[in-house]
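Q: just need the structure, nothing else, for what follows:
(chains A and B)
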Amino acid sequence: GQQVMQIPQYQHVQEGEDFTTYCNSSTTLSNIQWYKQRPGGHPVFLIQLVKSGEVKKQKRLTFQFGEAKKNSSLHITATQTTDVGTYFCAAFGGYGGATNKLIFGTGTLLAVQP
Amino acid sequence: NAGVTQTPKFRVLKTGQSMTLLCAQDMNHEYMYWYRQDPGMGLRLIHYSVGEGTTAKGEVPDGYNVSRLKKQNFLLGLESAAPSQTSVYFCASRGYNEQFFGPGTRLTVL
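A: Next up, the predicted model:
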């Protein structure tokens, strides 16, 4: 079955520093989604990328989809304490390329020190 | 709209006991999902449903059963709870693309 690997597992930054998490797949993805989960909360959808090489921005967050559609990244510029949480990438996958199931990466836990 | 709701929020079971987790959504979504979340392992799909009356297995279905008798409800059952099923359980429903998650149920099996 399809697997989505995410690195790093954990990152601790000083407030104001930048942060990047990476998502990699061994197979070509139809699209990729990113979610954020605050401590004690539930995952919340951030964005979906569909096109090869696509770049989307949401304020200080920049999302990229690789040219080969096998990897993606989320970059946060000048982190703030409100950015604390776990960031997950997710892709539709499954046997035969089924699009019914969203497969989640293992997540990157971001800690921000004031 | 309440979105996706889950009951109960917390539960403690003894090994061998059974229970049912209820998920409800008011967004008229066809697709619904049950995940479990364990430290360092992300979200793993247990079972899912693509519409009323349908269910299918996910990555980790053993020890769980599900039912989707009504479009708005998706039930997850544990027939004989085991300590390995201690986890946080999330239900989700899928809109056009994104998934909407419920607040979760924290289950401890002693």
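Q: the residue positioned nearest the centre of chain B: what secondary structure?
A: When Cα atoms, centre = their mean is applied to chain B, the residue found nearest the centroid is B:Trp34 (3.3 Å). Classification of B:Trp34 using DSSP: H, G, I helix; E, B strand; the rest coil returns strand.
Q: what's the longest strand in chain A?
A: strand A:85-93 (DSSP state E).
Q: adjacent strands (with direction) for that strand?
A: strand A:32-37 (antiparallel), strand A:101-104 (antiparallel), strand A:108-113 (antiparallel) (DSSP bridges).
Q: which other helices and strands does whatever helix or strand comes next after the first one contact?
A: Remark: after strand A:32-37, the chain's next helix or strand is strand A:44-49, criterion DSSP states H and E. For strand A:44-49, the elements it packs on are strand A:32-37, strand A:55-58, strand A:61-65, strand B:99-101, judged by 3 or more Cβ pairs under 8 Å, 6 or more residues apart in numbering or on different chains; DSSP states H and E. Where C-beta positions appear, they are placed from N, C-alpha and C, glycine not excepted.
Q: what's the angle from the third one to strand A:44-49?
A: What that stands for is strand A:61-65. 40 degrees (axes from the mean of the first three to the mean of the last three Cα atoms, to 10 degrees).
Q: how about strand A:61-65 against chain B, any contact?
A: No: for strand A:61-65 and chain B, the contact criterion (Cβ under 8 Å from any Cβ of the partner chain) is not met; the two come no nearer than 13.8 Å.
Q: coming back round to it: the residue nearest to the centre of chain B: what's it in contact with?
A: By Cβ atoms under 8 Å, 6 or more residues apart in numbering or on different chains, the contact set of B:Trp34 is B:21, B:23, B:45-48, B:58, B:64, B:66, B:74, B:76, B:89-91.
Q: check B:Gly16 too.
A: B:Ser80, B:Ala81.
Q: redo that, cut-off 10 Å
A: B:Glu79, B:Ser80, B:Ala81, B:Ala82, B:Val109 (Cβ atoms under 10 Å, 6 or more residues apart in numbering or on different chains).
Q: what's the answer for A:Ile47, then?
A: Listed by Cβ under 10 Å, 6+ apart, the contact partners of A:Ile47 are A:32-35, A:54, A:56-58, A:61, A:63, A:74, B:97-98.
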